[in-house]
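A.B. asks: Kindly generate the corresponding structure for this input.
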Amino acid sequence: MRYSAASAPITCPCCQNDTFDLDYKLLNTSGASFLGFDWANKNAAILICKRCTHISWFMKEPTSD
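C.D. replies: Model (predicted):
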């Protein structure tokens with residue numbers, strides 16, 4: 001699938017591919033983990049390049065085109 005961020009199309013910085021898989025990862029902090037509050041951490045959207053598997057991280061989810 002193709003994505004954009006801030007109205008700009010996203011391409012892979014390694015191979016210039018423009019198709020990605022979207023996933024989400026939890027951004028753990030040591031303080032929240034120590035206190036058992038992992039559920040309170042934020043999520044980041046990640047785009048995985050379908051050609052070279054490079055991973056790009058985004059705090060706001062990119063929009064699909």
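A.B. asks: What mean pLDDT does stretch 45-63 get?
C.D. replies: Across stretch 45-63, the average pLDDT comes to 97.
A.B. asks: list the buried ones in that stretch?
C.D. replies: Judged by neighbour count (16 or more other CB atoms under 10 Å), stretch 45-63 contains these buried residues: 45-47, 49, 56, 62. C-betas here are computed from N, CA, C, even on glycine.
A.B. asks: swap in stretch 2-12?
C.D. replies: Residues 3, 10-12 are the ones in stretch 2-12 that count as buried (16+ other CB under 10 Å).
A.B. asks: Closest one of the residues you listed to Tyr24?
C.D. replies: Ranked by distance to Tyr24 (CB to CB), the buried residues of stretch 2-12 are led by Tyr3 at 13.7 Å.
A.B. asks: who's in contact with the residue nearest to that closest one when sequence neighbours are not counted?
C.D. replies: Setting aside the residues directly before and after it, Tyr3 is nearest to Pro62 in space (CB to CB, 6 or more residues apart in numbering), at 3.9 Å. Contact analysis of Pro62 by CB atoms under 8 Å, 6 or more residues apart in numbering lists 3-5, 10, 22, 45, 47.
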